[in-house]
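Visitor: based on what follows, work out the 3D shape:
(chains A and B)
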Amino acid sequence: MSWRRVLTLARRVMRQVLRDRRTVALLVFGPMLVLALGAILFRSKPAPIPLGVINEDQGLASPVVGTINLGQRITDELAASDALAVVALSPDEADDRLRDGTVQAAILFPEDFTTHFLENRQAVLDLRLEGSNPTRSMAITAHVTQAAMRTLASLAGTGFGAAGVPGAGQEEAALPVSVQATYLYGGEEFDTMDFVAPVYIALLGMFFVFLLACVAFLRERSQGTMERLAATPATRAEIVLGYMFGLGLFALIQVAVILFFTVWVLEIHYRGSLALLFLVIALLAVVGVNLGILASAFARNEFQVVQLLPLVIFPQVLLGGTFWAVSDLPEYLRPFAYIMPLYYANTALRDVMLKGWGLARIWPNLAILVGITGVLVVMSALMMRREAA
Amino acid sequence: MTTDAVLQTNELHKRFGPMHAVDGVSLSVGRGEIYGLLGPNGSGKTTLIRLLIGLLRPTSGSIRLLGEAVPNKAILAQVGYMTQASALYEELTVRENVAFFAEICGQNDRAWMDEVIQLVDLQERSRSLVRTLSGGLRQRTSLACTLAHRPRLLLLDEPTVGIDPQLRATFWSYFRRLADTGVTLIVSSHVMDEAERCDRLGFMRQGRLLAEGTAAELRRRKGTSTLEEAFLQFAADGMEVGLR
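Guide: Numbers count the residues shown, from 1 in each chain, chains lettered A, B, ... in the order given. Purely as a prediction, here's the structure:
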């Protein structure tokens, strides 16, 4: 073992790395960018969840504290919570508001809510959940239950409430609050995997073909065949489209494998049509191919492709609505979500798989994906022109 | 200068920042001619060829290939271009490479592809993957790809660099046979003994075309016995011109 040789080697390696300024920049700024994004997202307070309240409770006159309206009291308690934004609704608009996403859940207090509670010592909350995000459904259920329990507990001191609330010495241990949940989409059988599955599928559908395209295009340039191709009548757009269709076949095979595995092997719940799912993922794969071609222009070798990966993947995952809903992002980060192809695929896939929406409702997202593809094809062709000049 | 020249340039200039890679080159090459571009490394031969085929845009000056102004994608279907490195698809066979470059130029003549592969004596290896071929065989495959679409004009950038003398002689006999069928060839080289095989030569140095003519003419003009000496004398003249 000659330490001098080791040192000579080490010096050469250092010199090589230093000469590749992008690598050095990436070593320094790459982690900072990804960490900063992560920190912002993990620390950001989720936006208040819009909760619709339909209060038809007539209340009950009490000899000690006057008329008491439990529905109203719980509503006030809910409104005091930072996590919820209470919206008063009329009974017939609840489902529409759930469907268009302006409320995530709706709670109904029937006319006899107060009397019913007094007679049965039990408050049954009629909660209608949007249901496509199980984590959010659970959070809403928990907030509503807690608010109801706090309200009932605050009545304990009054003559009215004491009767119904299990205080000290009361034999009944059961909670006086139960939630009767119904779901617009999904349901209790939907678990977190069902919610995450659409975005998993999107990620896989995009990034394997991204890599494939990036490396294939790069090799074309490093082996000199791109120069040769440029000296034929083939135009840049033709080359980009040729790659798109050539790799597209394999992307479609992969999409089929992904769908087969998630739906039949992992038994992910899904609502909408399988053909539509295929269409969305296939579109995303096309975006992936073109993103790969574009990215290859920024890499001189396979090593640099690997460096590019986190820069392409992390922002898309973090900002594209994969784990954090875009509405929960800080306002200044939201515009970035809207330039991430993954965001539109995520949205479309969730709409199809969890809500069972059809083409008629998800087409805007697909149209944007097609538009992004067009922009990427043009950008790739322009990048090739810049290289040639 | 004849107007029916296959290749014609007029006062061609290409600058890369402060570097004058091609400096006022005016060329005219006729049908069936083998024109040798001779000059040391870095004299601007590759840049000139890349300008001719439209891979680079000239800073000033004009180019006409086969009667059309460059850049023009359509005429490239009749132009064959061979780079110094044998640019081939490693995962494809010899024949698949040849067929690809033929078809991309709209040529689908299978008999001609066979002929081209035969011309470079690769019929026995035509089903071999390029990955498995030696350097010389790759260079021959590369030439086959250049010829695959029946070009009328060939731009060959140091096609014989790095290959053994025997193969080099073979290549030059191909070139002559092609020229005899009316194909025009521009061949760059920095090997003087190849120059003797060209119909006409252009000496290049520092981006400038120092002198043009047949090998015999160039030797006679400087009264030297070898082309190499003639080149050095022309180069010395060029320096004087530069100093003045």
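Visitor: so what's the residue of the stretch 201-350 of chain A found nearest chain B closest to, chain neighbours aside?
Guide: As assessed by Cβ to the nearest Cβ, chain B sits closest to A:G224 within the stretch 201-350 of chain A, at 3.1 Å. In this view, the C-beta of every residue, glycine as well, is placed from N, C-alpha and C. Leaving aside its chain neighbours, A:G224 sits nearest to B:A87 (3.1 Å; criterion: Cβ to Cβ, 6 or more residues apart in numbering or on different chains).
Visitor: roughly how far does that neighbour sit from B:M113?
Guide: B:A87 is 18 Å from B:M113, where distance means Cβ to Cβ, to the nearest Å.
Visitor: try A:A251
Guide: Noted for A:A251: a distance of 31 Å to B:M113, by Cβ to Cβ.
Visitor: residue contacts, the residue of chain B at minimum distance from chain A?
Guide: Closest approach between chain B and chain A, counting by Cβ to the nearest Cβ: B:A87, at 3.1 Å. If you count contacts by Cβ atoms under 8 Å, 6 or more residues apart in numbering or on different chains, B:A87 has them with A:Q223, A:G224, A:T225, A:E227, A:R228, B:S142.
Visitor: now do the SS call for it.
Guide: coil (DSSP: H, G, I helix; E, B strand; the rest coil).
Visitor: then the one 3 residues further on?
Guide: For B:E90, the secondary structure call by three-state DSSP comes out as coil.
Visitor: skipping its backbone neighbours, what lies nearest it in space?
Guide: The shortest distance from B:E90 to any non-neighbouring residue, by Cβ to Cβ, 6+ apart, is to B:R131 (4.5 Å).
Visitor: got a pLDDT number for that neighbour?
Guide: Per-residue pLDDT puts B:R131 at 93.
Visitor: okay, now it: neighbour count?
Guide: 12 (other Cβ atoms under 10 Å in any protein chain shown).
Visitor: distance of it from B:L27?
Guide: Using Cβ to Cβ, B:R131 is found at 38 Å from B:L27.
Visitor: and for A:E189?
Guide: As judged by Cβ to Cβ, A:E189 and B:L27 stand 78 Å apart.
Visitor: neighbour count winner among the two?
Guide: Set A:E189 next to B:L27 and count neighbours by other Cβ under 10 Å: B:L27 wins out with 21 against 9.
Visitor: can you map out the strands along the chain?
Guide: With no chain named, the answer covers chain A. Per DSSP state E, chain A carries strands over the ranges A:49-55, A:60-62, A:66-68, A:84-88, A:105-109, A:123-129, A:177-183.
Visitor: chain B was what I was after
Guide: B:7-16, B:19-29, B:34-38, B:60-65, B:68-69, B:79-82, B:153-157, B:184-189, B:200-205, B:208-213.
Visitor: quick check: mean pLDDT of the fifth one?
Guide: Spelled out, that is strand B:68-69. Averaged over strand B:68-69, pLDDT sits at 90.
Visitor: likewise for the third one?
Guide: On average, the pLDDT along strand B:34-38 is 94.
Visitor: next, the buried residues of that strand.
Guide: Buried residues in strand B:34-38, counted by 16 or more other Cβ atoms under 10 Å in any protein chain shown: B:I34, B:Y35, B:G36, B:L37, B:L38.
Visitor: for the first one, list each beta-bridge partner.
Guide: Here B:I34 sits in beta bridges with B:L185, going by DSSP bridges.
Visitor: need the contact list for it.
Guide: Applying Cβ under 8 Å, 6+ apart to B:I34 gives the contacts B:F175, B:R176, B:A179, B:T184, B:L185, B:V187, B:R197, B:C198, B:D199, B:R200.
Visitor: let's see that with 7 Å instead.
Guide: For B:I34, the contact set (Cβ atoms under 7 Å, 6 or more residues apart in numbering or on different chains) comprises B:F175, B:A179, B:L185, B:V187, B:C198, B:D199.
Visitor: ok, the second one touching B:R31?
Guide: I take that to be B:A179. No. If you go by Cβ atoms under 7 Å, B:A179 and B:R31 don't touch, sitting 9.3 Å apart.
Visitor: quick one, domains of the chain?
Guide: With no chain named, the answer covers chain A. A:49-183, A:191-388 (automatic domain parsing).
Visitor: oops, I was thinking of chain B
Guide: If you go by automatic domain parsing, chain B breaks into B:7-66+B:152-243, B:86-151.
Visitor: between those, which one is closest to A:V240.
Guide: With Cβ to Cβ, the closest approach to A:V240 among the domains of chain B belongs to domain B:86-151: 14.3 Å.
Visitor: re the thing from before, nearest to A:I313, out of the domains of chain B?
Guide: A:I313 sits nearest to domain B:86-151 of all these, at 27.0 Å, using Cβ to Cβ.
Visitor: what's around residue 56, how many residues?
Guide: No chain specified, so I'll use chain A. 13.
Visitor: could you do chain B instead?
Guide: B:L56 has 20 nearby residues by other Cβ under 10 Å.
Visitor: how about low-confidence regions in the chain?
Guide: This is for chain A. A:64-65, A:156-175, A:385-389 (pLDDT under 70).
Visitor: that was the other one, I meant chain B.
Guide: B:1-3, B:239-244.
Visitor: near chain A, which residues of it? Just list them.
Guide: Within reach of chain A by Cβ under 7 Å from any Cβ of the partner chain, chain B has these residues: B:53, B:55, B:57, B:73-74, B:76-77, B:81, B:83, B:85, B:87-90, B:101, B:104-105.
Visitor: just the buried members of those residues?
Guide: Buried by 16+ other Cβ under 10 Å: B:53, B:55, B:76-77, B:81, B:83, B:85, B:87-89, B:101, B:104-105, out of these.
Visitor: can you name the two of the residues you listed that are farthest apart?
Guide: B:A77 and B:A85, at 23.1 Å, using Cβ to Cβ across these.
Visitor: quick check: phi and psi on B:R197?
Guide: For B:R197, the backbone dihedrals are phi -80, psi -10 (criterion: degrees, to the nearest 10).
Visitor: excluding chain neighbours, what is closest to it?
Guide: Nearest to B:R197 is B:W172, by Cβ to Cβ, 6+ apart, at 5.0 Å.
Visitor: all helices for the stretch 151-300 of chain A, in order.
Guide: A:159-162, A:192-222, A:225-230, A:236-260, A:274-296 (DSSP state H, counting those that start in this stretch).
Visitor: contacts only, for residue 203.
Guide: Defaulting to chain A. A:V317.
Visitor: please go with chain B instead
Guide: Residues in contact with B:F203 (Cβ under 7 Å, 6+ apart) are B:L38, B:G39, B:L210, B:A211, B:F231, B:F234.
Visitor: likewise A:M193?
Guide: Residues in contact with A:M193 (Cβ under 7 Å, 6+ apart) are A:I268.
Visitor: again, but for B:A99
Guide: Per Cβ under 7 Å, 6+ apart, neighbours of B:A99: B:M113.
Visitor: same thing but at 8 Å, please
Guide: B:M113, B:A148.
Visitor: so the nearest residue to B:E212 once chain neighbours are set aside bridges to which residues?
Guide: Nearest residue to B:E212, sequence neighbours excluded (Cβ to Cβ, 6+ apart): B:G202, at 5.0 Å. Beta-bridge partners recorded for B:G202 (DSSP bridges): B:L37, B:E212.
Visitor: count the residues that sit near B:G202.
Guide: For B:G202, the count of nearby residues is 24 (other Cβ under 10 Å).
Visitor: I'd like the distance between it and A:A202.
Guide: 58 Å.
Visitor: one more: A:I372?
Guide: As judged by Cβ to Cβ, A:I372 and A:A202 stand 14 Å apart.
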